[in-house]
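Engineer: Here is a sequence together with a model predicted from it:
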Amino acid sequence: MSVCLYCLQETKAEDFSKEHVMSRTFCGTGNNWTLKHIVCKFCNNIFSAHESHWANSAIESFMRAYEGPTGRAAKKGSAKRINPVEIEDLFILRTCDDLAYEAGFAYPGEHYYRPQLIECDSGYISVASDEEEGKLLQSEFNNHFNQNEVKISQRCLADLRYFDVATCKRSPSGSFEIVEVTKEAKATGVWLRPFRQRGSAVADIDNSERRLTRRLALDDRGRLYVRAEDFEDTCRFLNLIQDGSILPRGDLPASPGRETFTLGLKISLPSVGRCVLKTGLNLLAYCRPGLAFNSAFDVVRTLVIDQGANSRILKRYSFSDNNRSKVFPIEKTPGQHLLQLDVHKSKVRFSIRLFGHMEYEGYLGTADDNLRNEIGAIRVVVDFTSAGIREVKDWRA
């Protein structure tokens, strides 16, 4: 039995999951920053939702694409594109119709149509950048929808440790019907990205709106997702497209206008703050294991898993202007993240510089004299291309 660093519950070994000091999305290669038997699966599920937001919906998503480590698939040569941006709301708008198409964006500046089945006035149309991507979507479509049962998942907003999973079964008539919705510890099947509201639309640079209709698409990791209002609406759309085939997009109709590529960043400052504070406490557990369970950090460990503590989270961390930084070197540090733990004004302070210039700092707890002496100053460098993280005495090392 081990105790979780965050919920402080004693848990069986099989109920823990590996936890990286900071999100692997930002770190690249290496495996020596892994914490074992420190964070339970329930708490890790909460963190995964916030880390996904930090990596895919905040400004760091673009920094990762342009300045971050190359993804694992690209290194293996199995990725078609290098470091695609994983923002959820990327669209291509065309002047020749009124639809907003699912889009992707990859380094150094390529925007492209995701393979997708998208609802239109006449039923649905298929879109794919080329024959290869069309075949990938067709294969995933067949794997999921040529069965008598389909699972659809979305994050449970009331409790981020869980996922709402709808089970849809094929009726005698051949259509899918929802038979149950359960709360599960893991997502499975097709991911649901709900519309923000009914009749959602996206505007181009001329403020002309394009419709966000229901659609099924493939993300850059080869996972199926659907946009719809809810589970019931998803089921209705699946019945519309279940006998369809996916074809290459082909030549788009000629038009006198242009395509507009648009994106939407939905930045949640409390989510970013939780990630910053959690990374700081993880770093302490990695470098000074005996200190991380000190009661001085009980408030912050509770805050990062308390979904209703948004205002208190915002008071615990801040974005720093690196032009005025007194923690890190004045010069930029490309290809690296810098992390530091120290005691500042009687508080344990965590500072982080991402991608050489994006800085945050947060306060983990009040430090007494013993804690001040034991922490001192912990400085860590994360190199994108080396084997993980290394502790240094000063930033010149």
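Structural biologist: Yep, it's here.
Engineer: what about residue 173, which SS state?
Structural biologist: The three-state assignment at residue 173 reads coil, by DSSP: H, G, I helix; E, B strand; the rest coil.
Engineer: Could you check how many residues crowd around it?
Structural biologist: For residue 173, the neighbour count with other Cβ atoms under 10 Å is 7. Where you see a C-beta, it was placed from the backbone N, CA and C, and this is true even at glycine.
Engineer: Now do the same contact list for residue 119.
Structural biologist: 213, 214, 215, 237, 240 (Cβ atoms under 8 Å, 6 or more residues apart in numbering).
Engineer: Also residue 46?
Structural biologist: 160, 161, 304, 305, 307.
Engineer: Then residue 162?
Structural biologist: Residue 162 neighbours (Cβ under 8 Å, 6+ apart): 45, 156, 183, 184, 185.
Engineer: and these as JSON lines, adding pLDDT, secondary structure and distance to residue 223?
Structural biologist: Output for those, formatted as JSON lines (pLDDT from 0 to 100; DSSP: H, G, I helix; E, B strand; the rest coil; distance: Cβ to Cβ, whole Å):
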{"residue": "45", "pLDDT": "87", "secondary structure": "helix", "distance to residue 223": "18"}
{"residue": "156", "pLDDT": "90", "secondary structure": "coil", "distance to residue 223": "19"}
{"residue": "183", "pLDDT": "94", "secondary structure": "strand", "distance to residue 223": "21"}
{"residue": "184", "pLDDT": "92", "secondary structure": "strand", "distance to residue 223": "17"}
{"residue": "185", "pLDDT": "86", "secondary structure": "coil", "distance to residue 223": "18"}
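Engineer: Would you write out the PyMOL command that picks the buried residues out of the residues you listed?
Structural biologist: To isolate the buried ones among the contacts of residue 162 in PyMOL, judged by 16 or more other Cβ atoms under 10 Å, type:
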select buried, resi 45+156
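Engineer: Just the closest of the contacts of residue 162 to residue 91, please.
Structural biologist: Distance to residue 91 across the contacts of residue 162 (Cβ to Cβ) is lowest for residue 156, with 26.6 Å.
Engineer: ok, the closest one to residue 106 distance?
Structural biologist: Separation of residue 156 from residue 106 (Cβ to Cβ, to the nearest Å): 31 Å.
Engineer: returning to what we had before: considering the contacts of residue 46, which possesses the most neighbours?
Structural biologist: Most surrounded of the contacts of residue 46: other Cβ under 10 Å gives residue 304, at 25 neighbours.
Engineer: Show me which residues of whichever strand or helix holds residue 363 are buried.
Structural biologist: Element membership for residue 363, per DSSP states H and E: strand 358-366. Within strand 358-366, the residues scored as buried using 16+ other Cβ under 10 Å are 358, 359, 360, 361, 362, 363, 364, 365.
Engineer: Excluding sequence neighbours, find me the nearest residue to the second one.
Structural biologist: Right, the one you point to is residue 359. Leaving aside its sequence neighbours, residue 359 sits nearest to residue 320 (Cβ to Cβ, 6 or more residues apart in numbering; 3.9 Å).
Engineer: ok, the one you found - contacts?
Structural biologist: 351, 359, 360, 361.
Engineer: Ok, residue 260 next?
Structural biologist: With Cβ under 8 Å, 6+ apart, residue 260 has these contacts: 92, 93, 94, 204, 205.
Engineer: Distance from the chain centre to stretch 225-243, please.
Structural biologist: 23 Å (Cα atoms, centre = their mean, to the nearest Å).
Engineer: tell me the phi and psi of the residue nearest to residue 368 when sequence neighbours are not counted?
Structural biologist: Excluding the flanking residues, the one nearest residue 368 by Cβ to Cβ, 6+ apart is residue 296, at 7.4 Å. Backbone torsions of residue 296, given as degrees, to the nearest 10, read phi -60, psi -20.
Engineer: For residue 296, give its distance to residue 365.
Structural biologist: Taken as Cβ to Cβ, the span from residue 296 to residue 365 is 4 Å.
Engineer: Show me the residue sitting in the middle of this structure in space.
Structural biologist: Closest to where the C-alpha atoms of the chain average out (Cα atoms, centre = their mean) is residue 52, at 1.8 Å.
Engineer: Quick one: neighbours of residue 290, just the number.
Structural biologist: Using other Cβ under 10 Å: residue 290 sits among 9 other residues.
Engineer: Does it fall in a helix, a strand, or a coil region?
Structural biologist: Applying three-state DSSP: residue 290 is coil.
Engineer: What of residue 111?
Structural biologist: Applying three-state DSSP: residue 111 is strand.
Engineer: Sketch out the low-pLDDT regions of the stretch 201-350 of the chain for me.
Structural biologist: By pLDDT under 70, the low-scoring segments of the stretch 201-350 of the chain are 205, 243-257, 321-325.
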